[in-house]
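Chemist: Sequence unavailable; structure follows:
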């Protein structure tokens, strides 16, 4: 009898398990993981010094003559093309035209760097990249230089524009700013820099809008920026029950497997046409695993073709089950043009993240409210709207600011009002909606009851 009941249980549960373990679509992955995906803000204050540049005007004069002659020989000379070529050539060889003088300049620094991360425990441990919070990292120093010496850089841009007789276009201005920022970063001395870390969560505000909640954080442990193990662990300093994300197993990923990236790319997050309330919602990009590559230090990274850019650093990269299998970390650049090359991006795998969690004595754990929210989303996806509504109301009662909760409460109620509810999708729903299976189910129940009686009698007789 026990065997018969066990077989019945296995048959019923296997179908449910198969559905649960199958991959999710991009929408489902985004819905479940956006609440636990956060924006990292690292603010640096202090004093920086750099060597004042000496402009080699003679070499620049030769450069101008060479460009003019080449364009005229090719029959392509125009004033605009001349200046564009001149600026690009200068920017690509700035170390040739800007030499170090004997003067040192000092400026006050107050700048904030943007990155992404995700919460892995109910009490607020957050994973991100080390380079997001590192004051000594090369790209961070270049940002320091650009901010601290912006006045000098802007004066140089204005002087060049006066010579050109027109405003620079966006590409030209960026080339000059990047080139001079790079020069200053090479001689930059950072003194007494104070770093403050804040984590921004998107939460539900008035009228269901997603708004920013900023929470201070402290550094728990960190590795080194690429080519080092580029991982950092932060701890949120306010007591809340936080939305969380699951960490998965990157070793199961193969070339061609789908990946999903959540984060806060600067170009999209702070786009001038996007409203402020939209800035707190993470952006999803998708792609495939391109390869598994070996770093010079002997550890693996995964190459992916999903789009990532500045601001995505530290954000979760997930498999088709919505589990984090790595951190969006670094991309590739065209050395000749100095531009990012999409489709050639790399992630630090979850295996490395787990090393730092162990080092910081942090054990990943899903929060009860995230599990409840997940359960509600699973019911919602099966069109079991009435049961989903019950779970969503529980989430709302525990945390009225849980991200997207008002949206899903409204959508769920609307679907119920439209008569779209299909129950919980379980065995009894199947029985109740199909008369023939009901007869079979009832017959099986009678057989089971008879067997129970027979077995009991045999047991007594024995």
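Modeler: That came through, no problem. What you are looking at is a predicted structure, and each value in this text was computed from that prediction instead of being measured. Residues are numbered from 1 along each chain as shown.
Chemist: Disregarding flanking residues, what is the spatial nearest neighbour of residue 280?
Modeler: For residue 280, ignoring the flanking residues on the chain, the nearest one in space by CB to CB, 6 or more residues apart in numbering is residue 202 at 3.6 Å. (Glycine included, C-beta is placed from N, CA and C.)
Chemist: Can you give me the buried ones in the helix or strand hosting residue 91?
Modeler: Assigning secondary structure by DSSP states H and E places residue 91 in helix 79-92. By neighbour count on 16 or more other CB atoms under 10 Å, the buried set for helix 79-92 is 82-91.
Chemist: Report the rounded mean pLDDT for it.
Modeler: Helix 79-92 shows a mean pLDDT of 93.
Chemist: Which residues does that helix contact?
Modeler: Residues outside helix 79-92 that contact it (CB atoms under 8 Å, 6 or more residues apart in numbering): 60, 63-64, 67-68, 71, 97, 160, 164-166, 168-169, 172, 175-176, 178-179, 336, 338.
Chemist: Show me the domain layout of the chain.
Modeler: 47-105+137-185, 368-425, 428-461 (automatic domain parsing).
Chemist: Select, out of the ones you listed, the one closest to residue 30.
Modeler: Across these, residue 30 has its closest neighbour in domain 368-425 (10.0 Å, CB to CB).
Chemist: Would you list the buried entries among the contacts of helix 79-92?
Modeler: For these, buried by 16+ other CB under 10 Å: 60, 63-64, 67, 97, 160, 164, 168, 172, 175-176, 178-179.
Chemist: Confirm for me that residue 24 is in contact with residue 318.
Modeler: No: Residue 24 is not in contact with residue 318 according to CB atoms under 8 Å; the separation is 9.3 Å.
Chemist: The two: which is more packed in?
Modeler: Neighbours were counted for residue 24 and for residue 318 using other CB atoms under 10 Å; residue 318 has more, 31 against 20.
Chemist: and the gap between the more buried one and residue 244?
Modeler: For residue 318, the distance to residue 244 equals 13 Å [CB to CB, to the nearest Å].
Chemist: Check residue 63 too.
Modeler: Counting by CB to CB - residue 63 and residue 244 are separated by 56 Å.
Chemist: Kindly report the same for residue 182.
Modeler: Computed as CB to CB, the residue 182 to residue 244 distance reads 39 Å.
Chemist: Compare these two (neighbour count), which wins?
Modeler: Using other CB under 10 Å, the more surrounded residue of residue 182 and residue 244 is residue 244, with 25 against 19.
Chemist: Could you give the secondary structure assignment for the more buried one?
Modeler: coil (DSSP: H, G, I helix; E, B strand; the rest coil).
Chemist: Let me see the contact set for it.
Modeler: Counting by CB under 8 Å, 6+ apart, residue 244 has contacts 36, 119-122, 364-367, 370.
Chemist: quick one: the helices in the stretch 251-400 of the chain?
Modeler: Taking DSSP state H, counting those that start in this stretch as the criterion, the stretch 251-400 of the chain carries its helices at 266-269, 350-359, 368-381, 385-398.
Chemist: Adding mean pLDDT, mean neighbour count and distance to residue 294, write the ones you listed out as a markdown table.
Modeler: Output for those, formatted as a markdown table (pLDDT from 0 to 100; neighbours: other CB atoms under 10 Å; distance: least, CB to CB, whole Å):
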| stretch | mean pLDDT | mean neighbour count | distance to residue 294 |
| --- | --- | --- | --- |
| helix 266-269 | 55 | 16 | 30 |
| helix 350-359 | 96 | 18 | 13 |
| helix 368-381 | 96 | 19 | 35 |
| helix 385-398 | 96 | 18 | 43 |
